Structure formats: structure tokens, C-alpha cells
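K.L.:
3D model of this:
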Amino acid sequence: MTVAYDPNNIFAKILRGEIPCEKVYEDDAVLAFMDVMPRADGHVLVVPKTTARGLLDIAPEALSALILRVQKIARAVKKGMGAQGITLHQFNEPAGGQSVFHIHFHVIPRWEGEALRAHGGGMADGATLKSHADKIRAALAEA
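P.N.:
Below is the predicted model of the structure:
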């Protein structure tokens, strides 16, 4: 069963500027912004500007553009946050853990011995998100 894309999902609203976000990067293909419920400090979401629910229905050209930006953002997150590694998450459909039905990648900086916080856990402080975004934006500017 194919489910239609819902243009009123939260990421579509963020892309249209109806809901604010702490932007890290934007170009013609994607918007990257801080996750307000981060699993680790510096957790960024990379969202394509195309309308697709997930990996299985995104156009191949849009997916190619998306993953290139994910790599660029991941490099900046790792550098900007001084992380030892990066974890990428990309969920598809409810059984796969997806809760927002607009394809997106989670770019999560990682450090040895530090566990991830719960998915959908507590809201982060806006000043903290801005501080982390500033570090990542600075790393992008150096790239």
C-alpha cells in the first residue's frame, strides 16, 4: 500500500518557513538544521526540498543530491563538534522507526563511551542549539 506525501508534516512546514529552526546549511536541494530533541550534542537533520516520504519513493537524482549534502554536513558536524565519529540514521515508515514522513537523515556526532540519548527525548535549550550550530557553521565556512 502506497501512502501519499503529507504536505503538512513538520519538515514541510519548516521548509516553507512556517516553523522556525536553527539553520546550519541551506542550498537549492536541502535544508540542514539542529534537531530540537537531540540524541547527542550537535545532532543535525538534513532534509531535502523535494517532496518524498522516504528512501523508497524519492527520485534517484534527488537522493544523489541529498546524500552528497549529508556527507558535507557530516564532515562539518564531526569537525565543528570535535567528535570522534558520526552516526547516520534514516528511518522509513512506522515499522522502521520513522515519525516524520518527509525523508531526512540524522547526522549525530559521537564520542567513545558516550551513549545516545533517547529518540524523541527532551527538548534542547535554544541557546545550546545556537552554540552548536555556530560551531558547525564555522566548520562549513572553513571547508
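K.L.:
where's residue 80 relative to residue 140, distance?
P.N.:
Distance of residue 80 to residue 140, given as CB to CB, to the nearest Å: 8 Å. Where C-beta positions appear, they are placed from N, C-alpha and C, glycine not excepted.
K.L.:
Looking at the two, which is more packed in?
P.N.:
residue 80 (24 against 18; other CB atoms under 10 Å).
K.L.:
Over to the more buried one: give its phi and psi.
P.N.:
Residue 80 has phi and psi values of phi -60, psi -40 when expressed as degrees, to the nearest 10.
K.L.:
Now do the contacts for the closest residue to residue 102 other than its chain neighbours.
P.N.:
Spatial nearest neighbour of residue 102, excluding adjacent residues (CB to CB, 6 or more residues apart in numbering): residue 11 at 4.0 Å. Shown in contact with residue 11 (CB atoms under 8 Å, 6 or more residues apart in numbering): 45, 47, 100, 102, 104.
K.L.:
Just confirm residue 11 is within a helix.
P.N.:
Yes. Residue 11 sits within a helix when classified using DSSP: H, G, I helix; E, B strand; the rest coil.
K.L.:
Against residue 114, how distant is the spatially closest residue to residue 128 that is not a sequence neighbour?
P.N.:
In this structure, residue 128 finds its nearest non-sequential neighbour in residue 41, 7.7 Å apart by CB to CB, 6+ apart. Note on residue 41: its distance to residue 114, by CB to CB, is 9 Å.
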